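[1] coords please:
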Amino acid sequence: MALLAHLPNLSYNAPHRPLSFLSPPMTLVKLQPLRQLSRPLRRRTLTVPSASVRQDTTVWTPSPLLKVSPAAESLFTVAIDVSGSPELAASYTKAGQYLQLRPQVPDAKPSFLAIASPPSFAASKGVFEFLIKSVAGSTAELLCGLQKGDVVELTPAMGKGFDIDQISPPEKYQTVLIFATGSGISPIRSLIEAGFSADKRSDVRLYYGARNLNRMAYQERFKDWESSGVSIVPVLSQPDDSWTGEQGYVQAAFARDKGVFSPQSTGAVLCGQKQMAEEVTSVLVADGVSTEKILKNF
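    Prediction:
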């Protein structure tokens, strides 16, 4: 009962009181005060915070690292072998899902990370890939500093992912506008490579924001993404003098370049900075796009 030592106001039963006040000659019938004992003792339930319950029941699966490599400035690709845990690989069914990941280091806190590789990659190769931003003093920094063969722990995939059914069939939703900033491109990569019939739609645009080209991950994949039907609009907030493309923030770039689209046949997918997501949502809703057609992964 060590837990109760830290919770003085909680108990399972009323305090125990010795019966030494009963003198031997007396009987229970004569002791008027004892009538109070005829009332049932009230129990007080010990309530454990729900977060503690979730933590205690979380299933962690140890898995080895296959690769840790730079993806851009301060961004790393981390690949984890989950082939030895088929149920873990099978938990990932939809682009946009995420899980908890932690290194096997004392006192390391878990990080919530979106899976960057598509579900088919986990099914066929038994691998999860992540795009992780290294932040000083964080669990992410520990993860990015690991080596091939080091063991980490993962939970099953969770979350609803991107509900593409909301913007299907493609013949009905010809325009899909995608917005991502920084490491928010991670689940967007999964979505594009998992496929959502972009080649059957007339206007699919990805507005991808980063500070500069050195901070922009997955540039080597752009050609394949465009061949699948996705037009890519890089937007740099602090470009060098040689940059001739879009500057500023993705929401401003979209406002300048909205083009012609029908709100009734338009869907959107957002992942990244909160302010970006809020401002883009406001612009789309003001233009008549239904909030049900603006997809987020959590």
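
[2] find the nearest non-adjacent residue to residue 195, please.
    By the measure of CB to CB, 6 or more residues apart in numbering, the closest residue to residue 195 outside its immediate chain neighbours is residue 228, 7.2 Å from it. (Each C-beta comes from the backbone N, C-alpha and C, glycine too.)

[3] work out which residue lies at the spatial centre of the protein.
    Residue closest to the mean C-alpha point of the chain, counted by CA atoms, centre = their mean, is residue 98 at 4.4 Å.

[4] what's the burial count for the closest residue to that one other than its chain neighbours?
    Once flanking residues are discounted, residue 98 sits nearest to residue 114: 4.4 Å by CB to CB, 6+ apart. Neighbour count of residue 114, defined by other CB atoms under 10 Å: 25.

[5] now do residue 101
    24.

[6] do the same with the one 5 residues further on
    Taking other CB under 10 Å as the neighbour definition, residue 106 ends up with a count of 5.

[7] so which residues of the stretch 1-150 of the chain form helices?
    2-5, 50-57, 86-90, 119-125, 139-144 (DSSP state H, counting those that start in this stretch).

[8] quick one: mean pLDDT for the second one?
    Confidence over helix 50-57, taken as the mean pLDDT, stands at 54.

[9] quick one, strands of the stretch 1-150 of the chain?
    Along the stretch 1-150 of the chain, counting by DSSP state E, counting those that start in this stretch, strands occupy 61-72, 75-81, 98-103, 111-114, 127-133.

[10] in this structure the residue nearest to the centre of the chain contacts residue 112, no?
    Yes: when contacts are counted by CB atoms under 8 Å, residue 98 is listed as touching residue 112 (5.6 Å).

[11] for the residue nearest to the centre of the chain, list each beta-bridge partner.
    Residue 98 has these beta-bridge partners by DSSP bridges: residue 114, residue 158.

[12] list the contacts of it.
    By CB atoms under 8 Å, 6 or more residues apart in numbering, the residues touching residue 98 are 112-115, 157-159, 187, 297-298.

[13] OK, contacts around the spatially closest residue to residue 150 that is not a sequence neighbour?
    Distances taken as CB to CB, 6+ apart place residue 65 nearest to residue 150, at 5.0 Å, with adjacent residues excluded. Residue 65 sits next to 78-81, 146-152 when contact means CB under 8 Å, 6+ apart.

[14] how about a cut-off of 7 Å?
    Contacts for residue 65 (CB atoms under 7 Å, 6 or more residues apart in numbering) come out as 78, 80, 146, 148-150, 152.
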